[in-house]
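Colleague: Kindly return the folded structure for what I paste below:
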Amino acid sequence: MRNPSGSCAQRIEHIDPGDLCTSIIVAAELRYGCAKKGSEKLLNRVESVLAFIPVLPLDIPADCEYGGIRAELEAAGQTIGMLEKLFA
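Modeller: This next block holds a predicted model:
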């Protein structure tokens, strides 16, 4: 979002549009970042991107994966935030 010509944008250009999607958690975090920054320009950019990318819901299998990932990380002494675990 911050760098429309950056490496991430360049990688996305080479992905078949049918293979591109994001999760509801990522969409929520993008909108949160816009609200926190108070940037209507950035929010408009986020909304225009999300209008063309399917936003997938958080389905039941995600909670199974979350549980395993969290247990593994805690056993290894690593902690990350809840949302970051759900991204994984």
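
Colleague: show me where the protein has helices.
Modeller: 7-13, 24-37, 40-50, 60-75, 82-87 (DSSP state H).

Colleague: could these go into CSV alongside mean pLDDT and mean neighbour count?
Modeller: From N, CA and C alone the C-beta is placed, and that goes for glycine too. Shown next, in CSV, are the helices of the chain (pLDDT from 0 to 100; neighbours: other Cβ atoms under 10 Å):
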stretch, mean pLDDT, mean neighbour count
helix 7-13, 78, 10
helix 24-37, 90, 14
helix 40-50, 92, 13
helix 60-75, 80, 11
helix 82-87, 58, 14
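
Colleague: how is this structure carved up into domains?
Modeller: 1-57, 58-88 (automatic domain parsing).

Colleague: Skipping its backbone neighbours, what lies nearest T79 in space?
Modeller: L73 (6.7 Å; Cβ to Cβ, 6 or more residues apart in numbering).

Colleague: Now do that neighbour against S23, distance only.
Modeller: 19 Å (Cβ to Cβ, to the nearest Å).

Colleague: and if you look at L42?
Modeller: Taking Cβ to Cβ, one finds L42 at 20 Å from S23.

Colleague: cool, and E13?
Modeller: 21 Å.

Colleague: repeat for G68
Modeller: Taken as Cβ to Cβ, the span from G68 to S23 is 18 Å.
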